[in-house]
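J.: Fold the following for me, if possible:
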Amino acid sequence: MSTVTPPPAWEEQVTTALLGTDRRPFPAQEPALALLDAAAVHTVRRRAGLMPAVAGELPEPAPEDGRGPLPEPARRRLAVLLADRAAPAQSGGRRGSAPDLTELLPQWLATANAHRYRAPADLLPALLDAARARTDLRPQALEFAGARGLWLARLNPEWKYALRGTSGAAALPDVQDAKAVRALWEEGLFAERVGLLGAVRAADPAAALALLSGTWATERAEDRLMFLDSLRTGLSAADEEFLEQALADRSRNVRAVAAELLSALPASAFAARMAARATSCVSPDRTGTLGGIVVEAPHECDAAMQRDGVVAKPPAGRGERSWWLGQLVESAPLSAWSPRLNGRTPQEIAALPVADGWGEELHAAWCRAAIRQGDAPWARALLGAPSVPPEAGTGTASLAERAKLLATLPDGERADWVADFVSAHGLSEAFQLLGVCVVPWSQALGRAVVDALDIARDAGSYPWSFSGVMGLAERCLDPGEADRLEILTTTPAEAEGASPGAGGYWSEAFQRLVGTLRLRAAMVRELAGEA
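T.: Next comes the predicted model:
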């Protein structure tokens, strides 16, 4: 009686499949087919032999979301925005004329949150996936997802970022519930505690300070640094005592932040100490030959200065005395300079000549002080006229610092200054300045940017040399400008000396700009329930 040879064990089959039947023979006339048949039989046997698993516990039901539902056109638009994937870049940097939908998602979320809409349940997974891939989306996406989004994130490890983020406000207790606040502060994860402290600080600065003071001595240095930074919101004289104590912290970074916050309180004892030190180093020229400012930088960084946050060791390439001087001046209240310099205004002080090459260091420190203290008159003085080239101005040539100075000005004044800067100097140095202007741009600013782009087109350059500004224009121009810009979508005649094909590329760029503006206008209508 013949016997049936059982197929090799599963491990043997896997090894044969990996090595190949040529190198590891399989007993059959057609080894490859026999191996596949054996694997199929073994798979069925393994599945049939599985024992039923014990049913797991069902998760708690998703919490209710009392916000209103999205209008249906807006829900369809969100589905399209979440499903869109940026097309591969065309050769030569060419983007084509279609709007980039991924760049519209942040504005869509901001507008939806302003209307207090809840996220559709069926789109929550795609929304959480989008925010996982783009950290810039997370604050708005998690606000829109709400408590249900956090509930869902707990069920999928790929969305655990939502549980770490400080934007999960929906998971925080009511700041008026003292017992719940105290429990989360004492038992919560670090990110939850940071979010909680920020929420309490926004509602009741004194309560947040009391919360922080109670556990300050037991916190880790890196945690103390983050918690201290939250005091920027609602900073007032009531925080001075706590910040003075933080000046003695064992962490240098904590001491530095405490000193920065105290310097933003012009009436603090810290500010008075720094004013005395700074004004002893800077004085009006009394010889009558210069008629400006003379500087005698510190010769040492004593223990009292270091206790007040002055870092003794300069970075590579910096001299000690200039390094110490800069720290003193940036920490002194700007109100100290007019009495020290014969009652002059900020504009007059910024225009004074400074002896012995100290002008750049002094003006840079004044810029940092104006930014830190949010002092608009000093910011205006240090910015100077927008028509003056940055390297010839009274303040700083750094565009990054100029952008921060602009942020201290009222919205309308800021936009007008940048519009005049663009008109005078074009777009090559305007990107950072445009980034601090409110959206949508004012009519004057928008037209200055478009006129500068038109000039660049007429000069025969390629549009991707201005891709950053063009991208900003797509997101920041007033959508109502679309019809006026339609004329720019035509392909101009190629001028002599122009880059080959540049006119066609510019036409595509302006078509994309106009199309994006119209799409933004449609999004606003849909979210307002007008579509």
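
J.: can we go C-alpha only for contacts and neighbour counts from here?
T.: Fine.

J.: Residue ranges in the stretch 51-200 of the chain under the pLDDT threshold?
T.: Regions of the stretch 51-200 of the chain meeting the criterion pLDDT under 70 cover residues 85-96, 164-171.

J.: could you pull out the strands for this protein?
T.: In the chain, the strands defined using DSSP state E lie at 282-284, 293-295.

J.: Tabulate these (CSV), appending mean pLDDT.
T.: Below are the strands of the chain laid out as CSV (pLDDT from 0 to 100):
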stretch, mean pLDDT
strand 282-284, 94
strand 293-295, 94
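
J.: JSON lines for these, including distance to T394?
T.: Rendered in JSON lines, the data for the strands of the chain read as follows (distance: least, Cα to Cα, whole Å):
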{"stretch": "strand 282-284", "distance to T394": "17"}
{"stretch": "strand 293-295", "distance to T394": "14"}
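
J.: Which stretch among those strands approaches D177 most closely?
T.: Ranking these by proximity to D177 (Cα to Cα) places strand 282-284 first, at 51.6 Å.

J.: mind putting the strands of the chain in CSV, mean neighbour count included?
T.: Shown next, in CSV, are the strands of the chain (neighbours: other Cα atoms under 10 Å):
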stretch, mean neighbour count
strand 282-284, 19
strand 293-295, 20
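
J.: Just give me the neighbour total for the spatially closest residue to A39 that is not a sequence neighbour.
T.: In space, and not counting its chain neighbours, A39 is closest to Q13: 7.0 Å by Cα to Cα, 6 or more residues apart in numbering. Neighbourhood size, Q13 [other Cα atoms under 10 Å]: 17.

J.: correct me, but Q13 touches L35?
T.: Yes - Q13 sits in contact with L35 when judged by Cα atoms under 8 Å, with a separation of 6.9 Å.

J.: Leaving aside the residues adjacent along the chain, what's closest to L406?
T.: If the residues on either side of it in the chain are set aside, L406 comes closest to R414, at 5.8 Å by Cα to Cα, 6+ apart.

J.: Pull the number of nearby residues for the one you found.
T.: R414 is surrounded by 22 other residues when neighbours are defined as other Cα under 10 Å.

J.: Tell me which residue is most central in this protein.
T.: Among the residues of the chain, D136 comes closest to the average C-alpha position under Cα atoms, centre = their mean, at 6.7 Å.

J.: dump the residue contacts of it.
T.: D136 sits next to no residue when contact means Cα atoms under 8 Å, 6 or more residues apart in numbering.

J.: and with 10 Å instead?
T.: Taking Cα atoms under 10 Å, 6 or more residues apart in numbering as the criterion, D136 is in contact with P106.

J.: Tell me how far it lies from F144.
T.: In this structure, D136 and F144 are separated by 14 Å, where distance is defined by Cα to Cα, to the nearest Å.

J.: Then L127?
T.: From L127 to F144 the distance is 9 Å (Cα to Cα).

J.: And for V200?
T.: From V200 over to F144 the distance is 21 Å, taken as Cα to Cα.

J.: Comparing these two, which shows the higher neighbour count?
T.: Regarding V200 and F144, a neighbour count based on other Cα under 10 Å identifies F144 as having more, with 25 against 19.

J.: wait, doesn't that one sit right on R118?
T.: Yes - under the criterion of Cα atoms under 10 Å, F144 makes contact with R118 at 6.2 Å.

J.: if I look at those two, which residues touch both of them?
T.: R67, A112.

J.: and the longest helix for the protein?
T.: Once the chain is assigned using DSSP state H, the helix that runs over the most residues is helix 502-527.

J.: What residues sit buried inside that one?
T.: Of the residues in helix 502-527, those with enough neighbours to count as buried (16 or more other Cα atoms under 10 Å) are 502-520, 522-524, 526-527.
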